[in-house]
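Visitor: structure for this input, please:
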Amino acid sequence: MKKAGITGRQATPIGLRHSFAISCLELWPQISIQQIQKWMGHKNINSTISYFKAFKPIMKIENMDVLWEQV
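Guide: Here you go, the predicted model:
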């Protein structure tokens, strides 16, 4: 991580996992929420959606039903 210049909270396993999930969500809907769920190893889609809920208000998505329209 030092070689890559990753420091602080991002330089932890949880930080890297969170950064990965947020990076995937930045590409939604090109990457489906179901694919992100699979990559993250979440058994329950609500675990993945919790990342989405934390990130997407910035992008003014108010209704989580929009996720299912992409399937």
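Visitor: what does the longest helix along the chain contact?
Guide: Counting by DSSP state H, the longest helix found in the chain is helix 13-26. Helix 13-26 has contacts (CB atoms under 8 Å, 6 or more residues apart in numbering) with 6, 8-10, 31, 35-36, 39-40, 48, 51-52, 55-56. For glycine as for every other residue, the C-beta is placed from the backbone atoms N, C-alpha and C.
Visitor: and that helix, what's buried?
Guide: Neighbour-count burial for helix 13-26 flags 18, 21, 24-25 (criterion: 16 or more other CB atoms under 10 Å).
Visitor: give me the residue at the spatial middle of this structure.
Guide: Centroid check for the chain by CA atoms, centre = their mean gives Ala21 as the closest residue, at 2.9 Å.
Visitor: mind pulling up the pLDDT for that one?
Guide: In this prediction, Ala21 carries a pLDDT score of 85.
Visitor: please tell me how far it sits from Gln30.
Guide: Shown here: Ala21 relative to Gln30, a distance of 15 Å by CB to CB, to the nearest Å.
Visitor: Ser23 now?
Guide: Ser23 sits 12 Å away from Gln30, going by CB to CB.
Visitor: what do you get for Cys24?
Guide: Look at Cys24 and Gln30: by CB to CB, they are 9 Å apart.
Visitor: repeat that for Arg17.
Guide: 20 Å.
Visitor: then Gln37?
Guide: Distance of Gln37 to Gln30, computed by CB to CB: 15 Å.
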